[in-house]
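Student: Have a look at this prediction, sequence included:
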Amino acid sequence: MTSLNAYKNSVAKRSFLILTLSAVLLSACGGSPGATETADSTPTGMVEPSPTSVPPSPTAASTETATPVPTSTPLPSGVWGEAAQLRSARSEMPAVLLDGRIYVISGLKTGPLLPTQRTSEMYDIASDEWLPIASIPQDRHHGMAAAYQGKVYYFGGSPEGSLAGTKESWVYDPALDQWDEIAPLPVHRSAGFAVVYSDFIYIMGGVGASHSHSDDDELEDNGETLRYDPSTNEWTLLSPPLQRREHVTAALIGDQIYVFGGRWVDEELDTSDIYDPATDTWKKGPDLPEPRAGNGIAVLNGLVYLIGGEIWMSGPETTLYSVDVYDPVTDSWSSLPDLSFPLHGVPAVASGDRLYVIGGSTIAAMANNTKRLFIFQP
């Protein structure tokens, strides 16, 4: 159990970083809810990292700029390319794949002190084009989303200026371009991850109403796994993981849900837990090659890709270029060529034979966002 002193130290560190580092950020991206930006190479207020800002791995070509490659154009195997840029620079947002389109919902704007947006957008893979969609009803970042039976579900997240979880949840109907409220989460939750399995949506990990990471805080939930039934609009609380985690990613592998990395209290984690939905039980999963939180995750051809991420609480603050690949058949890890820029708060999806890495921030613990859409064909 984490002591109250440890919690206070971690909160003090978070507050100090936010207040101190915000002084060196350039001005935040402007625009009111519903506004859009034209796609230029560098969003207003964003500073692209120099090649030496974060040391890449010895084998990576991280200092090279990715070559823009339209989605319709063949992409050389093993090379990072770029497709059309997002309409709005953003990070700490979920992205889901539905019917050949990638839906990106809300998230942080560029700037200090958690500036949050409602605007959302959709990427049509076939046409390599981003289009606006209806804004989510409330500003949110660090929310959790899943695609199920032709609709996009969004759960919890945090409001502007806060890291605390919320309960509100909505469903988006692409045919109507409309959001509707659904049953709220049974507990406050943010910075978790949503996974679909057997007609249910599972919320794995995350933090509660206080973001305290303390078992002594009455506002903090017990970390239960949350299961949503879209057919009945009802929630069920299930067993918590072996290790509490936030800024976490998860993936369905066979009939098991793997929960990778993340952070808790004052450290990033290099461990994973495996959840069995049939028995509501947990067991230890594979150790990661390195700790990472706030990374992207995608499953392609049976392999799990952990993309980018950050080290913040463990220090020194670092945004990651690296991409680790897990093979559940051999229970082994390998790696891809590094990203062209270090990114955290960055979602990823897999479609066809490609990985798509969307937006994200280049500076650990800060929203220094990009509009870039990286693609990779293993």
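Tutor: Looks like it arrived, so ask away.

Student: in the stretch 201-350 of the chain, what spans have low per-residue confidence?
Tutor: 215-218 (pLDDT under 70).

Student: can we see that at 80?
Tutor: Filtered on pLDDT under 80, the stretch 201-350 of the chain yields the residue ranges 211-220.

Student: in what helix or strand does Glu160 lie?
Tutor: Of the helices and strands defined by DSSP states H and E, none includes Glu160.

Student: That one touches Thr116, doesn't it?
Tutor: Yes: judged on Cβ atoms under 8 Å, Glu160 makes contact with Thr116 at a distance of 3.8 Å. In short, each C-beta sits where N, CA and C put it, glycine included.

Student: who's more crowded, the two?
Tutor: In this view Glu160 and Thr116 are compared by other Cβ atoms under 10 Å, and Thr116 has more residues nearby, 26 against 16.

Student: where's the more buried one relative to Gly165, distance?
Tutor: 14 Å (Cβ to Cβ, to the nearest Å).

Student: Now the common contact residues for those two.
Tutor: Ser158 (Cβ atoms under 8 Å, 6 or more residues apart in numbering).

Student: Give me the common contacts of Glu160 and Thr116.
Tutor: Counting by Cβ under 8 Å, 6+ apart, the residues touching both Glu160 and Thr116 are 139, 141.

Student: can you pull the contacts of Gly208?
Tutor: 164-165, 187-189, 219-221.

Student: would Ile363 count as being in a strand?
Tutor: No: counting by DSSP: H, G, I helix; E, B strand; the rest coil, one finds Ile363 to be coil, located in no strand.

Student: Pull the number of nearby residues for it.
Tutor: For Ile363, using other Cβ under 10 Å, the count is 23.

Student: Next: the one 4 residues further on.
Tutor: If you count neighbours by other Cβ under 10 Å, Ala367 ends up with 30.

Student: Test my guess that it contacts Gly111.
Tutor: Yes: counting by Cβ under 8 Å, Gly111 is a contact partner of Ala367 at 6.1 Å.

Student: between those two, what contacts are shared?
Tutor: By Cβ under 8 Å, 6+ apart, no residue touches both Ala367 and Gly111.

Student: which residues touch Thr225?
Tutor: 202-204, 237-241, 275, 280 are the contacts of Thr225 under Cβ under 8 Å, 6+ apart.

Student: for Asn295, same thing?
Tutor: Applying Cβ under 8 Å, 6+ apart, the residues near Asn295 are 249, 261, 306-310, 320, 344, 346.

Student: got a winner among the residues you listed for most neighbours?
Tutor: That'd be Gly309 among these, by other Cβ under 10 Å, with 36 neighbours.

Student: Check the separation of the first and last residues in stretch 328-341.
Tutor: 28 Å (Cα to Cα, to the nearest Å).
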